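Asker: quick one: sequence plus predicted model below, questions after.
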Amino acid sequence: MARILVTDGEQRAALAVVRSLGRGGHQALVSAARVPSIAGASRYCVEEVPAPDPLANPVGFRTAIAKACRDHDVDILLPITESAIIAVSEDGGNLDELGVRLPPPGFETFNAVSDKAALMEVAEGLGIAVPPGITIRAGERPEPPPSWFPAVLKPGRSVRGASGTMQKHAVSHVRDAAAFRSALAALPESAFPLLLQGTIRGPGIGVFLLMWDGRPVLSFGHRRLREKPPTGGVSVLKESVSLDPVLLRQSIELVNAFHWQGVAMVEYKVDERTGTPYLMEVNGRFWGSLQLAVDSGADFPLALIDLMEGRSPAVVPPRLGVSNRWFWGDVDHLWAVSRGMGPDRGGMRLVQTLRALGGLLWASRPGVHGDVLKLSDPRPFLVESRGWLRGGRR
C-alpha cells in the first residue's frame, strides 16, 4: 500500500484517480487550491491539503507540495494538470531528497509530446493523417485563402512556463479570414508558434494507452457523443468502443517515437465525410474522461502504480458500450446551444436547443454512469453542484 498525493483536486481526472487508488487499497491524499475540492470530498481521500493554483503561482505550488510530501510521508506524487507537471519538474531535486517518486515518462519526454507542431511533423512522418494547416511563427501574418475556413487556431503549447511564471492559451475557432486576423492580433507572443488547422467535422475518438518498456500494457477506446463547448472541447457524454486495430497500431507507433513510458491519450477526429481519423493531440497525463475507462474495467491509475512498484497489473478486457456523462458539463452544453453556440450555427436555435435538451434528458436514464455523480461516493457531486450554482458555470 502506497501513500499517493494527487494534485489538482478540482479536476475530474483527479477524482477518478483517487477513487481508483482508494478502491485498490492505497492511501490517496489530495492537494487543491479550493478546499474542499471534488477529489478531496471523495470517501477515498484520506487527507486534503491546500496548495496554490500551479498555473497562477507555480513557486507557491511547489513549496506547498514539497511540504505536504514531507509532512504526510508521501511515496508517490501524481500531478494531474499540465501546469502541475511543469511546476513540479523544477522541484525534482527536493522531491528526490524526500524519497518521493513521480510517474514516467519524465519531463523532457512530456515536454516533447506537448509541442503540437513537432507532434504533427512526427505523425506525418509515420503516415498518420493530420488536419491540413500551417504553423505560424511570432511576427508572421499570413493570409490564408477563404477555402481554409472555418478553421481552428491552436497554440503550439497549451501551457508555457519559465522562471516561475506560466501562461495558458486556449484554442480559438475562426469562421473567416477577418475573425482569424482579429484572433491573431489579440494573442501575446508567448502563444506562438500557432497552428492554423482546417476544421474536421465528425466524432472524437480517444485511444487510451498505458505504455511500459515499449509495449501497451493497457489500451482503451472511447467516442465523444457531446462536448463542451459544442463546437469541440471537453467531452461531457462519451461511450467505450472497440478500438480499430489500425488506429491502435499507429497510436502505439506515435508514442513510441517519443520513447513513451506511462499513460497517454491519443485524440483523433474522424471526418464524417471520408471516415479518415485525423490526429488532434496527445495528452501525456490523466485525462478528463478517465472515469469512463475505470468504469469499463480499464483501471489505468491502479495499473500505473502496480508497474511503478514492480508488480504486474491485473488486466481484463474492458466492457464495450458503457456510457458516462458529466452532468454539469452537459447542462453547460445545453446552455451554450441555447445561446447559439452549437456546431451548426446556421441552423434554427430553437430546434438545436430542443435537440440538446432531449439529449440531456435521455442521458439521465438508468445505466448511464456519472463522471462525478456516484451514489456510492456522493459528496464530490454535492461539492461540484454548490460551486456550479454559485457561478461556476462557464
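Answerer: Good, I have the coordinates.
Asker: R43: which element?
Answerer: Using DSSP states H and E, R43 maps to neither a helix nor a strand.
Asker: test my guess that P230 contacts V337.
Answerer: Yes. In this structure, P230 is within contact of V337 by CB atoms under 8 Å, at 5.5 Å. Any C-beta I mention is one placed from the backbone N, CA and C, and that applies to glycine too.
Asker: what touches both of these two?
Answerer: Both P230 and V337 are in contact with A356, where contact means CB atoms under 8 Å, 6 or more residues apart in numbering.
Asker: pick out whichever of those two has more residues nearby.
Answerer: V337 (24 against 21; other CB atoms under 10 Å).
Asker: what about whichever strand or helix holds that one, distance to the chain center?
Answerer: For V337, the enclosing helix or strand under DSSP H and E is helix 327-338. How far helix 327-338 lies from its chain's middle: 19 Å, per CA atoms, centre = their mean, to the nearest Å.
Asker: ok, then the element right after that helix?
Answerer: Sequence-wise, the next helix or strand downstream of helix 327-338 (DSSP H and E) is helix 349-362.
Asker: for that following helix, give the mean pLDDT please.
Answerer: What helix 349-362 shows for mean pLDDT is 76.
Asker: what's it in contact with?
Answerer: R226, P230, L237, D330, V331, H333, L334, V337, S338, G340, G342, D344.
Asker: ditto for stretch 82-97
Answerer: 7-8, 53-55, 58, 61-62, 65-66, 69, 77, 79, 102, 107, 110, 114, 158-159, 161, 166, 168, 285.
Asker: in PyMOL, select just the buried ones from those.
Answerer: This is how PyMOL selects the buried members of the contacts of stretch 82-97, with burial counted by 16 or more other CB atoms under 10 Å:
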select buried, resi 7+8+53+54+55+58+61+62+65+66+69+77+79+102+110+114+158+159+161+166+168+285
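Asker: among the contacts of stretch 82-97, which are in helices?
Answerer: Using DSSP state H, the subset of these located in helices is P58, F61, R62, I65, A66, C69, F107, F110.
Asker: the fifth one contacts L98, doesn't it?
Answerer: In other words, A66. Yes. With contact defined as CB under 8 Å, A66 counts as touching L98 (7.0 Å).
Asker: SS state for the residue nearest in space to the middle of the chain?
Answerer: By CA atoms, centre = their mean, the chain has its centre lying nearest to W287, at 3.4 Å. Using DSSP: H, G, I helix; E, B strand; the rest coil as the criterion, the local structure at W287 reads coil.
Asker: what's the neighbour count on the nearest residue to it once chain neighbours are set aside?
Answerer: Spatial nearest neighbour of W287, excluding adjacent residues (CB to CB, 6 or more residues apart in numbering): M265 at 4.4 Å. Neighbourhood size, M265 [other CB under 10 Å]: 23.
Asker: hang on, M265 packs against G204?
Answerer: No. Counting by CB under 8 Å, M265 sits too far from G204 to count as a contact (11.0 Å).
Asker: pLDDT weak spots in the protein?
Answerer: The model of the chain has pLDDT under 70 over residues 91-93, 161-163, 341-347, 392-394.
Asker: how does it look with 80?
Answerer: Across the chain, the ranges flagged by pLDDT under 80 are 90-94, 96, 160-165, 230-233, 339-364, 391-394.
Asker: helices of that one, start to end?
Answerer: Going by DSSP H, the chain shows helices at 12-23, 58-71, 82-89, 92-97, 107-113, 116-125, 177-186, 245-256, 290-295, 300-308, 327-338, 349-362, 379-387.
Asker: reformat the ones you listed as JSON lines; add distance to V35.
Answerer: As requested, these are exported to JSON lines (distance: least, CB to CB, whole Å):
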{"stretch": "helix 12-23", "distance to V35": "13"}
{"stretch": "helix 58-71", "distance to V35": "12"}
{"stretch": "helix 82-89", "distance to V35": "16"}
{"stretch": "helix 92-97", "distance to V35": "22"}
{"stretch": "helix 107-113", "distance to V35": "27"}
{"stretch": "helix 116-125", "distance to V35": "33"}
{"stretch": "helix 177-186", "distance to V35": "34"}
{"stretch": "helix 245-256", "distance to V35": "35"}
{"stretch": "helix 290-295", "distance to V35": "22"}
{"stretch": "helix 300-308", "distance to V35": "22"}
{"stretch": "helix 327-338", "distance to V35": "19"}
{"stretch": "helix 349-362", "distance to V35": "30"}
{"stretch": "helix 379-387", "distance to V35": "10"}
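Asker: closest to S147 out of those helices?
Answerer: Checking these against S147 by CB to CB gives helix 177-186 as the closest, at 10.5 Å.
Asker: so for L126, what's the nearest residue that isn't a sequence neighbour?
Answerer: E253 is the one closest to L126 (CB to CB, 6+ apart), at 5.5 Å.
Asker: ok, that neighbour touching A123?
Answerer: No. Counting by CB under 8 Å, A123 is not a contact partner of E253; they are 9.4 Å apart.
Asker: for the helix holding V337, buried residues please.
Answerer: Neighbour counts over helix 327-338 (16+ other CB under 10 Å) mark F327, W328, G329, D330, V331, D332, H333, L334, A336, V337, S338 as buried.
Asker: of these, closest to L196?
Answerer: Lowest distance from L196 to the buried residues of helix 327-338 (CB to CB) belongs to A336, with 23.7 Å.
Asker: quick one: the closest one from H169, how far?
Answerer: Separation of A336 from H169 (CB to CB, to the nearest Å) stands at 21 Å.
Asker: and V217, by the same measure?
Answerer: Applying CB to CB, the value for V217 to H169 is 33 Å.
Asker: just to revisit the earlier point, burial measure for the residue nearest to L126, as a count.
Answerer: Neighbour count of E253, defined by other CB under 10 Å: 14.
Asker: ok, V130 next?
Answerer: Neighbour count of V130, defined by other CB under 10 Å: 18.
Asker: cool, and G275?
Answerer: The number of residues packed near G275 is 8, by other CB under 10 Å.
Asker: do I have it right that G156 meets P193?
Answerer: Yes. If you go by CB under 8 Å, G156 and P193 touch, sitting 4.4 Å apart.
Asker: neighbour count winner among these two?
Answerer: Neighbour totals were compared for G156 and P193, and G156 leads with 21 against 17 (other CB under 10 Å).
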